[in-house]
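J.: with the input below, show me the fold.
(chains A, B, C and D)
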There are 2 protein chains.
Amino acid sequence: MSDLLERLRGRGWRLTAQRRVVAEVLDGDHVHYTADEVHARASERLPEISRATVYNTLGELVLLGEVLEVSTDGRAKRYDPNAHHDHHHLVCSQCGTIRDVHISSDPLSALPEPERFGFEVSEVSVTYRGTCPNCARA
Amino acid sequence: MSDLLERLRGRGWRLTAQRRVVAEVLDGDHVHYTADEVHARASERLPEISRATVYNTLGELVLLGEVLEVSTDGRAKRYDPNAHHDHHHLVCSQCGTIRDVHISSDPLSALPEPERFGFEVSEVSVTYRGTCPNCARA
DNA sequence: TCTTGACTTAGACATTGTCCAATGTAGGAT
DNA sequence: ATCCTACATTGGACAATGTCTAAGTCAAGA
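T.: Numbering: from 1, shown residues only, chains lettered A, B, ... in the order given. I've put the predicted structure just below:
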């Protein structure tokens, strides 16, 4: 069993076939799926799983902090299982694909004190947009 | 007439009552409205304006680079008339307030070539999240 | 094994945005 | 000033994404 499922069970999650399948789909890759993509992939293993359950489960995983919700420009939200590592995102403007990337400097230090307007800044996210190799070819 | 309308006319925009009203709504305030909010405000001055026209006009303004589309976490997109100054956003996690901020280094240079995965990167946005002075006091 | 409350389901509904064919009109041409 | 016509607008259907509910199902503790 994956670390993810292990942790969830440790938190008293009732472990159903549906939740297991959703967690397994997420646990796999560096590319992030939309809720419907997760549903499609989950359905391959568990054909009768419903959309509502996928949405519910994703929402719970986000609340538990096991998964990050990444929303880009009015498109469907995507779910990033890599919540425990500090990273940023590279988004294809055309197809919406998202990859995790790691950057070489801390963007927090680029925000001078007078530009903080008294905010207590706790988090920063950097989103790079462009065209992925796939869309560039087309 | 506002600078905005002036520029648009200079670009050969056909100046209709509807477009004028949409531009005026955007130009007037420092709050960033959703498309429906723009529509509601435009309707006060021009009751028969349609939703489609508001969406069309906003889309054109974005394409022309006169207005920025800001999408916040799966909710309706908001339109930011301050498109001519390169800036990023400082968001209060509690009340949702958004401020424009200017940063001191180019985050593009922080993304090494091997982390670009063949993407042609064209744009980068940085979002700082934290607590605004107002919410911190409460 | 039994019970129970949490989980799942199907589908209706909500929100936001897009598309289209029919109609109207801004602004150049006459 | 009036006419043309390409461009703009309209309303409503449609699409994509997400939320909610009532009824049925099941995991797991007693």
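
J.: ok, the longest strand seen in chain A near chain B or not?
T.: The single longest strand within chain A, with elements called by DSSP state E, is strand A:120-131. Yes. Strand A:120-131 reaches chain B (C-beta under 8 Å from any C-beta of the partner chain) through A:120-131. From N, CA and C alone the C-beta is placed, and that goes for glycine too.

J.: quick check, distance from stretch A:105-112 to the centre of its chain.
T.: Taking C-alpha atoms, centre = their mean, to the nearest Å, the mean C-alpha location of stretch A:105-112 is offset from the chain mean by 24 Å.

J.: nope, stretch A:59-70 is what I was after
T.: Centroid separation between stretch A:59-70 and its chain, computed with C-alpha atoms, centre = their mean, is 8 Å.

J.: which stretches of chain A form helices?
T.: For chain A, applying DSSP state H gives helices covering A:3-10, A:17-27, A:35-45, A:51-63, A:133-137.

J.: distance of the closest residue to A:Ile98 other than its chain neighbours relative to B:Ser109?
T.: Nearest residue to A:Ile98 in three dimensions, chain neighbours excluded: A:His32, at 4.7 Å (C-beta to C-beta, 6 or more residues apart in numbering or on different chains). From A:His32 over to B:Ser109 the distance is 25 Å, taken as C-beta to C-beta, to the nearest Å.

J.: who has more neighbours, the two?
T.: Taking other C-beta atoms under 10 Å in any protein chain shown, A:His32 and B:Ser109 do not tie; A:His32 has more neighbours (26 against 11).

J.: get me the contact residues on chain A for chain B.
T.: Residues of chain A found near chain B (C-beta under 8 Å from any C-beta) are A:69, A:71-74, A:77, A:90, A:92-93, A:99, A:101-105, A:107-108, A:110-112, A:115-133, A:136.

J.: before we move on, back to that, and the longest strand of chain A, what other elements does it pack with?
T.: strand A:88-92, strand B:120-131 (3 or more C-beta pairs under 8 Å, 6 or more residues apart in numbering or on different chains; DSSP states H and E).
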